[in-house]
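Enquirer: when you get a sec, could you give me coordinates for this:
(2 chains)
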Amino acid sequence: METISIVDSKKYVDKKVKIGVWLTNKRSSGKIAFLQLRDGTAYFQGVVVKSDVSEETFALAKEVKQEESMYVIGTIHEDARSHFGYEIEIEDIEPVGASKDYPISPKDHGTDFLMDHRHLWLRSKRQFAIIKIRSELIRATYAFFHKEGFVKFDAPILTGSAPEGTTELFHTEYFDKDAYLSQSGQLYEEAGAMAYGKVFSFGPTFRAEKSKTRRHLIEFWMIEPEMAFTHQEESLEIQEKYIAYLVQSVLDNCQYELKLLGRDPKVLQRYTKLPYPRISYDEAIELLQKSGDFPDVKWGKDFGSPEETYLAEHFNKPVFVLNYPKAIKPFYMKPHPTRKDVVICADLLAPEGYGEIIGGSERATDVAYLEKQIEKAGLDKADYQWYLDLRRYGSVPHSGFGLGLERAVTWITGEEHIREAIPFPRLLNRIYP
RNA sequence: UGCUCAGUAGUUCAGUGGUAGAAUAAUUGACUGUUAAUCAAGAGGUCGUAGGUUCGAAUCCUACCUGAGCAGCCA
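Expert: Presented below is the predicted three-dimensional model:
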C-alpha cells in the first residue's frame, strides 16, 4: 500500500492507499459519514460506511473535528457525485493531531477576522488556489527568463541611498550608518546588464507609503529585468511575451485552481494573444477627454485608477501606454529624441480594472544629462557615482521594466484585493501574524 | 494623510431612549450519498474604551482606539 497525495488520486483508482490529511468539514448520518479532506495538494471527500468498517473506525469518523489531522486508509474510486471526480472509501483512520474549536467556520467572516487568522485562513480553498497560482507564476518567471537567456542577478535589499527620495523608504541602521530597505533593485540591475547582458532580479521590495488601496502592499515582490543593447520597442516585445507566457502557464497547469476560484479560463485565453495594443500618453489623454467622463484630465497629469481602468477596458486586453511627461517620471529614463517634454517609457495596464502591472523604460545614457536630473530631483550626486560609471565605461542603449508579482496574481486570479495575493501581507497597520 | 462608513454571542448581523435578539459555528441526540446537508435540544453577552446628558443609554453627545471603502503615491 502506497502513501499518496490527493492530487494523484486518478493514478490509483481501485487501489488501496494511505493519505495524510486534515479534515475541513464533515457530514454524517447514522450509518454513513462524509469527511471533507485536504492534504495541501487538493480537496476531496472520504466516505465511511458503517457496515463496511469496524465500530471503532466509524466512531472515529463521527468524532473527528475540523482541521484535525489524520491518516486515512482506503480505496480510491472514480465518482461523478464528487466535485473532484474521485473520492476515497475509507477503511481505517489513524488520528495524528487533535483540533478543538477551530476559529474559521465554513460560513461568512469579515476581512479583519480572517487577516488576524491569516496563518489558518491560508488552509481554505480560495487561498489555496491563489497561493498555488502565485507559485506557478514564480515558476513560470524563472522558466521564461532562463529560456530567454537571462541571468538571475540579485540586487541588495539593504541600501545606503534612495533611488527616488527617502520619504517612502523604511529606515534602518547599518552599524553606525543610515540604511534603507530596497524599494527597487533597478539601478543595480543596470550594473548587471552591463556585466552580463540580460539580467533579472526577483525579490522583496519595501515602500513606506501610507497607501491604503486594493492595489498596494507595504512589502511586495518585484521582478525587474534589464537588457543591454536593447531599445524600448524590443523591451516591450519581451514584456508582452512574458505576460502571455505567465497567463499560458496558469492555463496549462492550474485548471483546478481556476475552477476553485470560479475564474473563467476563456477570459484569460484572450490575454495570450499578442501583440498588446500600444497607445501614446498623448493619445490616452485624448481618449479620456473624448469619453467625457474625466473632466479633470489634463496633459501633464498622471493617471488615477479610474483613468487606468477606463483605458484598459477600452481595449479589453492589456495595453501599453507610452512616453509619459518627463516631469512625472523618475530621473533615469531616456529623454525622447525629438520632444523635450516626454521620456521613453511605458506602463502596461491590465484589463478588468486591475491597473498598472508593469512600469518600464529605456534608460538615459548621457552622463551630463543624468547628473543634471539627479540634481533636479534633489538627490546627492555622490551616492550615484557608481551608477554614472556605467555610462563612463562602455555605455550602451538599455531598457528594463518592473513587474509587481502580487498585482499579476490579483489580476490573473480575478481577486478583488491584493492582500490575498501574498501569504502574509504587510499592510498599513497590519504586521501580525 | 484626507473624506465616508462601521465596531453588539466564537463568527455574520438585527436592535435608534424603557428586561440583550436572530442565524450560524461549537456541544448533545436523530438520520444510508451528503456538497454551506437536514431535524431537535441545551448553552453561549463588560453592546470597542473613557467620560458626559438622562429617572433610565447598545441607542444621544465628546474624545480616543480599531477596522473597512474610496482618494493621493506607485508595481
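Enquirer: quick one: contacts for residue A:185?
Expert: By C-beta atoms under 8 Å, 6 or more residues apart in numbering, the contact list for residue A:185 reads A:154, A:155, A:156, A:201, A:203, A:205, A:222, A:224. In short, each C-beta sits where N, CA and C put it, glycine included.
Enquirer: next, find the distance separating the fourth one from RNA strand B.
Expert: It refers to residue A:201. Remark: distance between residue A:201 and RNA strand B (C-beta to the nearest atom of the strand, to the nearest Å) = 12 Å.
Enquirer: can you name the residue of the stretch 201-350 of chain A nearest RNA strand B?
Expert: At 2.1 Å from RNA strand B, residue A:304 is the closest residue in the stretch 201-350 of chain A, using C-beta to the nearest atom of the strand.
Enquirer: give me the neighbour count for the residue nearest to residue A:231 when sequence neighbours are not counted.
Expert: Nearest residue to residue A:231, sequence neighbours excluded (C-beta to C-beta, 6 or more residues apart in numbering): residue A:397, at 5.5 Å. By other C-beta atoms under 10 Å, the residues close to residue A:397 number 16.
Enquirer: angles on the backbone of the residue of the stretch 201-350 of chain A closest to RNA strand B, please.
Expert: For residue A:304, the backbone dihedrals (degrees, to the nearest 10) come out as phi -90, psi 180.
Enquirer: ok, residue A:380 next?
Expert: According to degrees, to the nearest 10, the main-chain angles of residue A:380 amount to phi -90, psi 120.
Enquirer: ok, it - contacts?
Expert: By C-beta under 8 Å, 6+ apart, the contact set of residue A:380 is residue A:161.
Enquirer: re the thing from before, residues contacting the residue of the stretch 201-350 of chain A closest to RNA strand B?
Expert: By C-beta under 8 Å, 6+ apart, residue A:304 has no neighbours at all.
Enquirer: my read is that the residue nearest to residue A:231 contacts residue A:233, right?
Expert: No. The pair residue A:397 and residue A:233 fails to qualify as a contact (C-beta atoms under 8 Å) at a distance of 11.0 Å.
Enquirer: hmm, stretch A:306-324 touching RNA strand B?
Expert: Yes. Applying C-beta under 7 Å from any atom of the strand, one finds stretch A:306-324 touching RNA strand B at A:306, A:308.
Enquirer: what's in contact with that stretch?
Expert: By C-beta under 8 Å, 6+ apart, the residues outside stretch A:306-324 that reach it are A:236, A:239-240, A:243, A:270-271, A:273, A:276-282, A:284, A:287-288, A:291, A:293-294, A:297, A:302-303, A:336, A:342-357.
Enquirer: list the buried residues of that stretch.
Expert: Buried residues in stretch A:306-324, counting neighbours by 16 or more other C-beta atoms under 10 Å, are found at A:307-312, A:314-315, A:317-324.
Enquirer: which of those fall in strands?
Expert: Those of the buried residues of stretch A:306-324 mapping onto strands are A:319, A:320, A:321, A:322, per DSSP state E.
Enquirer: please tell me how far the first one sits from residue A:81.
Expert: The spacing between residue A:319 and residue A:81, counted by C-beta to C-beta, to the nearest Å, is 45 Å.
Enquirer: just the last one next, same as before
Expert: For residue A:322, the distance to residue A:81 (C-beta to C-beta) stands at 54 Å.
Enquirer: contacting residues for residue A:115?
Expert: A:121, A:419, A:425, A:430.
Enquirer: could you redo the last one with a cut-off of 10 Å?
Expert: Neighbouring residues of residue A:115 by C-beta atoms under 10 Å, 6 or more residues apart in numbering: A:109, A:121, A:419, A:420, A:424, A:425, A:427, A:430, A:432, A:433.
Enquirer: then residue A:103?
Expert: Contacts for residue A:103 (C-beta under 10 Å, 6+ apart) come out as A:66, A:67, A:109, A:113, A:114, A:116, A:117, A:120, A:121.
Enquirer: can you report how many residues neighbour residue A:128?
Expert: For residue A:128, the neighbour count with other C-beta under 10 Å is 20.
Enquirer: show me the contacts of stretch A:306-324 that map onto helices.
Expert: When the contacts of stretch A:306-324 are checked against helices (DSSP state H), the matches are A:236, A:239, A:240, A:243, A:270, A:281, A:282, A:284, A:287, A:288, A:291.
Enquirer: closest to residue A:379 among the residues you listed?
Expert: Within these, the smallest distance to residue A:379 is 24.7 Å, found for residue A:281 (C-beta to C-beta).
Enquirer: please report phi then psi for the closest residue to that closest one other than its chain neighbours.
Expert: Using C-beta to C-beta, 6+ apart and skipping residues adjacent in sequence, the residue nearest residue A:281 is residue A:324, 4.8 Å away. Per-residue torsions, residue A:324: phi -80, psi 160 (degrees, to the nearest 10).
Enquirer: can you give me the pLDDT of residue A:324?
Expert: Here, the pLDDT recorded for residue A:324 equals 95.
Enquirer: again, but for residue A:125
Expert: pLDDT for residue A:125: 92.
Enquirer: who are the contact partners of the closest residue to it other than its chain neighbours?
Expert: If the residues on either side of it in the chain are set aside, residue A:125 comes closest to residue A:260, at 5.2 Å by C-beta to C-beta, 6+ apart. The neighbourhood of residue A:260, defined by C-beta under 10 Å, 6+ apart, consists of A:42-43, A:83, A:125-130, A:132-133, A:254, A:413.
Enquirer: how about those residues in JSON lines, adding secondary structure and distance to residue A:55?
Expert: Converted to JSON lines, the contacts of residue A:260 look like this (DSSP: H, G, I helix; E, B strand; the rest coil; distance: C-beta to C-beta, whole Å):
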{"residue": "A:42", "secondary structure": "coil", "distance to residue A:55": "30"}
{"residue": "A:43", "secondary structure": "strand", "distance to residue A:55": "28"}
{"residue": "A:83", "secondary structure": "coil", "distance to residue A:55": "30"}
{"residue": "A:125", "secondary structure": "helix", "distance to residue A:55": "33"}
{"residue": "A:126", "secondary structure": "helix", "distance to residue A:55": "38"}
{"residue": "A:127", "secondary structure": "helix", "distance to residue A:55": "37"}
{"residue": "A:128", "secondary structure": "helix", "distance to residue A:55": "34"}
{"residue": "A:129", "secondary structure": "helix", "distance to residue A:55": "38"}
{"residue": "A:130", "secondary structure": "helix", "distance to residue A:55": "41"}
{"residue": "A:132", "secondary structure": "helix", "distance to residue A:55": "39"}
{"residue": "A:133", "secondary structure": "helix", "distance to residue A:55": "43"}
{"residue": "A:254", "secondary structure": "coil", "distance to residue A:55": "42"}
{"residue": "A:413", "secondary structure": "helix", "distance to residue A:55": "45"}
